[in-house]
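Chemist: I would like to see how this sequence folds:
(one chain, ligands or ions: 1)
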Amino acid sequence: MGRKKIVAGNWKMNTNLNEALDLISEIKKGSEQFYGVEKIIFPPFTFLKNANDSLATTTAFFIGAQNCSEHSKGAFTGEVSAEMLSSVGCKFVLVGHSERRTFFKESDEQLILKIQNALKNNLHVIFCFGEQLEERKGGKHFETVKKQLENVLKNFSESELNKMYLAYEPVWAIGTGETATPQQAQEMHAYIRKIISELFSSALAQNTPILYGGSCNAQNARELFSCADVDGGLIGGASLKAADFCKIIASF
Ligand code: PEP
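Modeler: Predicted structure coming up:
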């Protein structure tokens with residue numbers, strides 16, 4: 001895929017249809033001039049088609065889904081398949097977000113199936129991972145991240161990895177207001193490139209976009225994005241305020 005500047009907004013289970021369309025239209029207006037930054041928005045499933053339609057002619061602005069089923073189709077009441085997402089104009093899907101791992105007990109095996117289904121349906125995957133607070137405190141953060149990456153990524157080829165972004169999201173920083181320092185983020189992102197280089201190739205390691213996520217906001221984005229191995233951010237809370245999200249987009 002290659003390195004670029006990326007800002008992604010994960011809206012989680014927030015907004016109704018009108019709020020979603022207002023938010024997109026404000027973000028569109030406030031970020032138009034930053035065409036060098038790839039913008040991706042992850043609204044709730046129900047608004048994906050409307051969101052995609054409202055962005056039809058906008059440069060470097062894409063819609064993604066927060067999740068997809070590990071099954072391709074069939075009797076799985078309430079699930080949404082990768083094919084369905086693709087058919088409404090989604091270009092991306094998040095897989096492995098810590099809230100899915102924690103609240104919905106998603107296992108590595110499920111994540112692998114989700115990625116397979118996503119790639120088969122031409123979706124780019126943003127694969128999320130990151131250590132818990134106890135792991136960081138116990139000095140086990142590198143070990144945890146290595147395992148999370150190896151367990152899942154070893155099942156894919158280098159050409160499949162080319163269609164994926166990675167998002168390092170330390171769980172202790174998600175929605176807590178506590179952000180990794182730029183040093184902590186840079187150190188981990190460099191380590192992630194080392195793992196990708198060992199699993200695949202140094203070319204892939206250098207080309208894979210790696211986002212930082214965890215209480216990234218309009219105040220701290222510039223410092224985080226200035227780190228050599230940080231290609232942008234996956235933003236939760238601050239992506240729900242158009243002015244803040246646009247400031248983050250302007251932070252490169
Ligand atoms: C997230 O949910 O991916 C996230 C980074 O959330 P927040 O920015 O609110 O910490």
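Chemist: use CA for all of it now, contacts and neighbours both
Modeler: OK.
Chemist: just checking, what packs against the lengthiest helix in the chain?
Modeler: Scanning the chain for the longest helix, with DSSP state H as the assignment, gives helix 182-199. Packing partners of helix 182-199 (3 or more CA pairs under 8 Å, 6 or more residues apart in numbering; DSSP states H and E): helix 141-153, helix 202-207, helix 221-225.
Chemist: tell me the spacing between the nearest residue to residue 31 once chain neighbours are set aside and the ligand.
Modeler: Spatially, and ignoring its direct neighbours in sequence, residue 31 is nearest to residue 246 (5.6 Å; CA to CA, 6 or more residues apart in numbering). Taking CA to the nearest ligand atom, to the nearest Å as the measure, residue 246 falls 14 Å from the ligand.
Chemist: same deal with residue 32?
Modeler: Residue 32 is 22 Å from the ligand, by CA to the nearest ligand atom.
Chemist: how about that residue, phi and psi?
Modeler: Main-chain torsions, residue 32, degrees, to the nearest 10: phi -50, psi -40.
Chemist: that one: what's it in contact with?
Modeler: When contacts are counted by CA atoms under 8 Å, 6 or more residues apart in numbering, residue 32 touches no other residue.
Chemist: where does the stretch 51-200 of the chain come near the ligand, residue by residue?
Modeler: 173, 174, 175 (CA under 6 Å from any ligand atom).
Chemist: now do the strand or helix carrying the residue nearest to residue 31: which elements does it pack against?
Modeler: Assigned by DSSP states H and E, residue 246 falls within helix 242-249. Judged by 3+ CA pairs under 8 Å, 6+ apart, the packing partners of helix 242-249 are strand 5-10, helix 17-31.
Chemist: now for these, which one comes closest to residue 60?
Modeler: strand 5-10 (9.6 Å; CA to CA).
Chemist: and the angle for that closest one with helix 242-249?
Modeler: 150 degrees (axes from the mean of the first three to the mean of the last three CA atoms, to 10 degrees).
Chemist: now strand 5-10 - C-alpha only, CSV.
Modeler: C-alpha atoms of strand 5-10 as CSV (Å, rounded to 0.1, in the frame of the first residue of the first chain):
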residue,chain,number,x,y,z
LYS,A,5,-0.6,10.4,6.0
ILE,A,6,-3.8,8.9,7.4
VAL,A,7,-6.4,10.0,9.9
ALA,A,8,-9.2,7.6,10.7
GLY,A,9,-12.3,8.2,12.9
ASN,A,10,-14.0,5.4,14.8
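Chemist: which other residues reach that strand?
Modeler: 36-43, 66, 211, 231-237, 239-240, 245, 248-249, 252.
Chemist: please identify the most buried of the helices and strands packed on helix 182-199.
Modeler: helix 221-225 (a mean of 21; mean count of other CA atoms under 10 Å).
Chemist: in this structure, what residue sits furthest out from the centroid?
Modeler: Centroid-distance maximum for the chain: residue 75 at 28.3 Å, with CA atoms, centre = their mean.
Chemist: that one: what secondary structure?
Modeler: The three-state label for residue 75, taken from DSSP: H, G, I helix; E, B strand; the rest coil, comes out as coil.
Chemist: local confidence estimate at it?
Modeler: Residue 75 is assigned 98 on the pLDDT scale.
Chemist: phi, psi of it?
Modeler: Phi and psi for residue 75, reported as degrees, to the nearest 10, are phi -80, psi 70.
Chemist: what kind of secondary structure is the residue most central in space within the chain in?
Modeler: Centrality entry for the chain: nearest residue to the mean C-alpha point is residue 126, 4.4 Å, by CA atoms, centre = their mean. At residue 126 the chain is in strand, as set by three-state DSSP.
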